[in-house]
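>>> pasted the sequence and its predicted model underneath.
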Amino acid sequence: MRDLNRKREYQREYNKRRRLDLVFRERERFYNMETHYLAQRKYNKSHPEVTRKADKHWRLNHPIEHQQKNRRRYSLRNGLGYTCLNLPFPESHGHHINKEIVIYIPKYLHKSISHNLKTGYNMEKINKISLEWFLKGEV
């Protein structure tokens, strides 16, 4: 009976120390995010095949999020913003009303008028049509 009590007491102490250690490690990770980030980058550079495999796995399991990231990345690379007025839907194209605001409109509507945001060619026409479509609420 004494041995059993001793084991239980030891287990309680061990669990307390372990919980404190886990809390401490979590707190340290939070306060040292920069160090954690640098260590992760170093690991990714030294293990490119593992990183590629993990990225591919994520892309295959999260196709919608991957597509949204690509859209955002493309916009930012071209010096455009990415503030969306509505959500993308099947057979939609993102149309930049100006350099910051994006509205998702049907593909046929977006392709109906050739336009260029950088030169301003036909932007008034396409913006008028796309905003009319948006305000009607057709999806």
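Arrived safely.
>>> next SSE downstream of the lengthiest helix in the chain?
With secondary structure taken from DSSP state H, the chain has its longest helix at helix 2-31. Per DSSP states H and E, helix 2-31 leads on to helix 33-46 as the next helix or strand towards the C-terminus.
>>> so for that following helix, what's the average pLDDT?
What helix 33-46 shows for mean pLDDT is 88.
>>> now that helix: how far from the chain's centre is it?
Centroid separation for helix 33-46 versus its chain: 19 Å, with CA atoms, centre = their mean, to the nearest Å.
>>> likewise stretch 18-35?
Chain-centre distance of stretch 18-35: 25 Å, with CA atoms, centre = their mean.
>>> what are the buried residues along the longest helix of the chain?
Under the neighbour-count criterion of 16 or more other CB atoms under 10 Å, helix 2-31 has nothing buried. Just so you know, the C-beta spots here come from the backbone N, C-alpha and C atoms, and that holds for glycine as well.
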